[in-house]
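Enquirer: have a look at this prediction, sequence included:
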Amino acid sequence: MNFSEAQVRYAQLVEQIRRHDHAYYVRAQPTISDREYDRLYHELLDLEKQFPALITPDSPSQRVSGQPLKEFKQVQHRLPMLSLDNTYSQEEVRDFVNRVQKLLPNEKLEWIVDPKVDGVAINLRYENGVFTCGSTRGDGTTGDDITANLKTIRSIPARLRHGTAGLDAGKASVLASPDSGQLFESQSSRERSPSLLEVRGEAYLTKAGFEKLNAERRSAGEEEFANPRNAAAGSLKQLDPRIVAKRPLDIVVYGLGLVEGAAQMPQQHDQMLAWLKSFGFKTPDRTWHCRSAEELVAAIDELDRVRRSFAYETDGAVIKLNSFAQREVAGFTSKAPRWSIAYKYAAEQAETLLKGITVQVGRTGALTPVAELEPVFLAGSTISRATLHNEDYIRQKDIRIGDTVKIEKAGEVIPAVVDVVLTKRTGKEATFRFPTTCPECSSKVARAPGIVEGDEGVVWRCLNSDCPAQVRGRIEHWCARGAMDIEGGGEVLVRQLVQIGLVSDVADLYRLKLPEVAGLERMGEKSARNFLEGVAASKERDLWRLLFGLGILHVGAGVAKALGRGFPTFDDVLAASVDQLTDCEDVGEVIAQSVVQWHGDPRNRKLVERLRAAGLNFNSQLYQPKAKAGPLAGRTFVLTGTLPKLTREEATAKIEAAGGKVSGSVSKKTDYVVAGTEAGSKLDKAQKLGVKIIDEAELLRLCADQN
């Protein structure tokens, strides 16, 4: 076979395999046997081996490829991935409908109800129809690039489908909007593929896949996953996509990010789902179309009855306006859309015996009581321990050792004791006495404000900052994946390092030698070497990880990233006043004071200098200098179409240099739409909203005023 013949056969195989993947993984209706599929796939691999030039990034063979990643790159979301406001009350659902109606007076409202899949929110980017980047939601503005891992999920199309059912190539066709009976026109699949399409959805592990995965881990003597969501999240955080490929992950898509170059855009949510389905995406199993609060409540109840038959775990219902135009008017708060809300179902509960109460000491010195339980199965896992929050909680609930208690998973993840079954109390139960000294180091304890605002005087804390439990907690936090990401720096290793005096703070990690670590219990030379290589690699981590890893009170990952965007170096953060710190987005006065107080402690200042001497990176890659005030300050621009001279990046740079802002979507808040040739739906929307439309020449005149 020559190269030309191979090209023809290769194209046939790629199309056949993609079609069979869609039938099996998306429609759950396989059309050939596994053996026949394997025959086609291996023929493809043989051709690629013989003619490597045939391989493309979206080839079916590239679902799993390459070496493990050293770390995930960061991805800036072109449009924020916002979270939703939650409610557990059907009355609050009615209040929500009334609030939206006030924002849209005299308009008829139509709603869509989707199952709230209990998985991991992701963003998929397609450029000219090809899957190029997949990322996590992260903090809403920045996520992890997990493209290699998402490529292993067969229900994610590597290329947007062509020749889909009901679409004849080269002809216009019509897609029915589910439930509504409305129609919208769509061009042929080749013409319809936007130049840029961002799709948002939820990656999850199926219930059956979760059981199979845990069975395999049991047989291998490995620790089981607590629930499907944790398993999905843990899988997507793997740095080796070959491991991810062995996990039965799936996806459901339900929304859009940035879209450019679409010939025709859907105007409603149900139309959008049909549009996405035509590209080959898996959409929700079932949706409800509602026109009143009463219909919404009925849909929520029906979903609760049927959701256990779904292949995936659900923990609620997502309610959203169907009309995109109405969503635009309703708008957003700083954190969530005003036109959508998540109704959360009550967590499952179970009864069991409280055998004892132990007290754990955290990295901040907080003493947390923990219930030791008779093991009981709840929400997909066996529970033997649960939080009791604090001393006041135990007193208020009158929880005693020997009680029969009700437990539930808070947010269906963290087990908690929620009540006592008083009818089963026998009189032999014992009242728990909170310790007056630290159970770890016997130092004094005192009431102190909690980490959560409003916890003043509730939490008991060990006053000894050298308490071994606090030291261990600080080091484990530093090594955690979300912080400095040092592989192997878990509880077992850290406990030994602290116990024998090798490490007393995080700076000591950078002085460890191979013989010291290799000589620890259950640590061979290879494991020790891997750990020390991870310690060395952590020196290059970005500033936000260091800030988060230090465990400064109130400084979580999101705040650490905000500080990284606001200041170029660690020294700049530490030198900043409370007022300067609060200039950063998401940094309030309580957080700013905590940072200033932390650096005011001489021990912490000494720690900073030791980390500097160890060679850690103190610079921020996220730093975004504030744009100087210019003639376009406060003005928002949207770019659409192809400009005569400027690329989109060049036009954006000129606008931002003049103090303006570039947005990906047109709204009433848009000041200018810069239109080039082949401008699409953004131009139409600008005309409808009365937004001023300018060309490249006018943009250059506006920007020239800065000189």
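Expert: Perfect, I can see it now.
Enquirer: who's in contact with the residue sitting nearest the centre point of the chain?
Expert: Taking CA atoms, centre = their mean, the centroid of the chain lies closest to Arg137, which sits 3.4 Å from it. With contact taken as CB atoms under 8 Å, 6 or more residues apart in numbering, Arg137 is in contact with 81, 120-123, 143. Any C-beta I mention is one placed from the backbone N, CA and C, and that applies to glycine too.
Enquirer: okay, those residues in CSV with secondary structure and pLDDT next?
Expert: Converted to CSV, these look like this (DSSP: H, G, I helix; E, B strand; the rest coil; pLDDT from 0 to 100):
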residue, secondary structure, pLDDT
Met81, coil, 87
Val120, strand, 89
Ala121, strand, 91
Ile122, strand, 93
Asn123, strand, 95
Gly143, strand, 85
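Enquirer: ok, of the residues you listed, which one's closest to Gly362?
Expert: Proximity to Gly362 was ranked across the contacts of Arg137 by CB to CB; first place goes to Val120, at 26.2 Å.
Enquirer: from Asn230, how far off is the closest one?
Expert: 10 Å (CB to CB, to the nearest Å).
Enquirer: neighbour count for the two, which is higher?
Expert: Set Val120 next to Asn230 and count neighbours by other CB atoms under 10 Å: Val120 wins out with 23 against 16.
Enquirer: and Asp285, what does it touch?
Expert: Contacts of Asp285 by CB under 8 Å, 6+ apart are 115, 252, 310-311.
Enquirer: quick check: ChimeraX command selecting the buried ones in those residues.
Expert: A single ChimeraX command selects the buried members of the contacts of Asp285 (16 or more other CB atoms under 10 Å):
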select :115,252,310
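Enquirer: out of the contacts of Asp285, the closest to Gly356 would be?
Expert: Phe310 (38.1 Å).
Enquirer: and the residue nearest to the centre of the chain, backbone torsions?
Expert: Dihedral angles of Arg137 (phi, psi; degrees, to the nearest 10) stand at phi -70, psi -40.
Enquirer: from Ile357, how far out is the nearest residue in space to Ala350 that is not next to it in sequence?
Expert: Leaving aside its sequence neighbours, Ala350 sits nearest to Leu378 (CB to CB, 6 or more residues apart in numbering; 4.3 Å). Distance of Leu378 to Ile357, given as CB to CB: 19 Å.
Enquirer: what of Leu205?
Expert: Look at Leu205 and Ile357: by CB to CB, they are 33 Å apart.
Enquirer: for these two, indicate the residue with more neighbours.
Expert: Just comparing Leu205 and Ile357: by other CB under 10 Å the higher neighbour count belongs to Leu205, 31 against 19.
Enquirer: the more buried one: what's it in contact with?
Expert: For Leu205, the contacting residues are 119, 213, 228-229, 231-232, 235, 247-250, 312, by CB under 8 Å, 6+ apart.
Enquirer: make TSV from the residues you listed and add distance to Glu302, neighbour count and secondary structure to it.
Expert: Converted to TSV, the contacts of Leu205 look like this (distance: CB to CB, whole Å; neighbours: other CB atoms under 10 Å; DSSP: H, G, I helix; E, B strand; the rest coil):
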residue	distance to Glu302	neighbour count	secondary structure
Gly119	22	23	coil
Leu213	30	20	helix
Pro228	23	23	helix
Arg229	23	24	helix
Ala231	28	22	helix
Ala232	26	29	helix
Ser235	31	24	helix
Arg247	31	21	coil
Pro248	28	17	coil
Leu249	28	25	strand
Asp250	23	22	strand
Tyr312	18	24	coil
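Enquirer: and which of those residues is nearest Ala614?
Expert: Ser235 (33.0 Å).
Enquirer: quick one: least confident helix or strand in the chain?
Expert: The helix or strand of the chain with the lowest confidence, counting by mean pLDDT, DSSP states H and E, is strand 173-176 at a mean of 36.
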